[in-house]
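Novice: Got a sequence here, can you model it:
(one chain, ligands or ions: 2)
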Amino acid sequence: SRPVLFVTRELPEKAQQRLENLTEEVEVRQHRSEEGLGRQQLLAEVRGAWGIICVLDDTVDAELVQAAGPQLRVVSTVSVGYDHVDTQALKTQGVLLGHTPGVLTDATADTTVLLALMAARRAKEALERAANGGSSGFSLTRGLGTQFGEQTLGIVGLGRIGSAVVSRLLPFGFTRVLYAAPRPQDKRAHALNAQHVSLETLLESSDLVCICCPLNPQTTGLFGSQAFARMRRSAILVNSARGAVVDHDALLDALDRRLIAHAALDVTVPEPLPAGHPLLTHPHCTVLPHIGSATEQTRAAMANLAIDNALDGIFARPLKAKVDL
Ligand code: GLV
Ligand code: GLV
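Specialist: Ligands and ions are numbered 1, 2, ... in the order given. From the prediction side, this is the model:
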């Protein structure tokens, strides 16, 4: 009998078609919905799977690996981030982990720039004024934003996405680029004329701070009350990485006390935020619903790579994009 590939979601159209044509190689079982499965149902449905294709809303831990059974060879997440995966549990059980780096770099960097510009030009307040119609048109004096010329850009995490963000933002006129990272990224930094500094220096010096690092124990809550106290009062914070890098209570407090000018978030905790959450209604906080990689092209590429990773894992071939566990 064919090995079972379990897929926790409906995939983007072309990848979905590919999945449906795999029937000679694998038996595809799928929760064909945009919504996730409940935990108990997920645990029941993965039983017998050799490969699992999942998304970042699915918690992959020892319990899930156990529920799948000893034949499980690979977990393939349709995301670059894998903070939802207990890598130690996979390693212990000899299960491989695939993810989707590279293919979403441009889309996610574009979203980061979108947020930076929305924040700088106070687009949230402007959209509300426009939506109200009436007398709220052109004003010489009200709702003025800022421009990036002559400013300092600070990037937390100079990986693929962080570098792509810098490339996109340099033409806006930043005169200095700083980055904080656990290790200097000499090659990337040299090409971008970016300077490796401590997080403290970055926070104190940057007009625009973009969070582009993975979520891990070192970055959880990295932006708390101490970080906000160091930032410039005119600073803009953009987070397109993972919500938990930012302490949301501390952020709200910083916005209320005007310790920073604006926060623009593509990611939050929880995700999505409940309706009426103070960060959603705050005039100086812009929130998008995790659309970093949400383009037709990128989602197709991510889903395809995830299928490749799953099949390679099931048939004991090297994965195209494997996480080192
Ligand atoms: C999205 O957030 C991803 O990790 O791909
Ligand atoms: C993500 O894949 C990154 O390296 O920035």
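Novice: Next, count neighbours for residue 227.
Specialist: Other residues near residue 227 number 24, with proximity taken as other Cβ atoms under 10 Å. All C-beta atoms are positioned from the backbone trio N, CA, C, and that covers glycine.
Novice: That one and residue 287: what is the separation?
Specialist: Residue 227 sits 19 Å away from residue 287, taking Cβ to Cβ, to the nearest Å as the criterion.
Novice: before we move on, what about residue 175?
Specialist: Residue 175 is 30 Å from residue 287, by Cβ to Cβ.
Novice: pLDDT of stretch 180-198, averaged?
Specialist: Mean pLDDT, stretch 180-198: 97.
Novice: Now do that stretch: distance from first to last residue.
Specialist: In stretch 180-198, first residue to last residue: 6 Å (Cα to Cα, to the nearest Å).
Novice: Flag every buried residue along it.
Specialist: Burial within stretch 180-198, assessed by neighbour count using 16 or more other Cβ atoms under 10 Å, is assigned to 180, 181, 185, 188, 189, 192, 194, 196, 197.
Novice: do it and ligand 2 meet?
Specialist: No: judged by Cβ under 6 Å from any ligand atom, stretch 180-198 and ligand 2 are separated, with a smallest distance of 9.9 Å.
Novice: secondary structure element for residue 58?
Specialist: Assigned by DSSP states H and E, residue 58 belongs to neither a helix nor a strand.
Novice: thinking again about what came up before, more neighbours: which of residue 175 and residue 287?
Specialist: More neighbours surround residue 287 than the other of residue 175 and residue 287, with 22 against 11 (other Cβ under 10 Å).
Novice: burial count for the closest residue to that one other than its chain neighbours?
Specialist: Excluding the flanking residues, the one nearest residue 287 by Cβ to Cβ, 6 or more residues apart in numbering is residue 265, at 5.1 Å. Neighbourhood size, residue 265 [other Cβ under 10 Å]: 28.
Novice: Just want the phi and psi numbers for residue 265.
Specialist: Per-residue torsions, residue 265: phi -120, psi 130 (degrees, to the nearest 10).
Novice: For it, list the residues it contacts.
Specialist: The contact partners of residue 265, by Cβ atoms under 8 Å, 6 or more residues apart in numbering, come to 115, 238, 239, 243, 246, 279, 285, 286, 287, 288.
Novice: Which members of the residues you listed are positioned in strands?
Specialist: Members of those lying in strands (criterion: DSSP state E): 238, 239, 285, 286, 287.
Novice: Let me know the closest of those residues to residue 101.
Specialist: The shortest distance between residue 101 and any of the ones in strands among the contacts of residue 265, using Cβ to Cβ, involves residue 239 and amounts to 19.2 Å.
Novice: nearest residue to the closest one other than its sequence neighbours?
Specialist: Sequence neighbours aside, residue 211 is the residue nearest to residue 239 in space, at 4.4 Å (criterion: Cβ to Cβ, 6+ apart).
Novice: what about the one you found, how many neighbours?
Specialist: By the measure other Cβ under 10 Å, the count of residues near residue 211 is 26.
Novice: That one against residue 236, yeah?
Specialist: No: using Cβ atoms under 8 Å, residue 211 is not in contact with residue 236; the gap is 11.6 Å.
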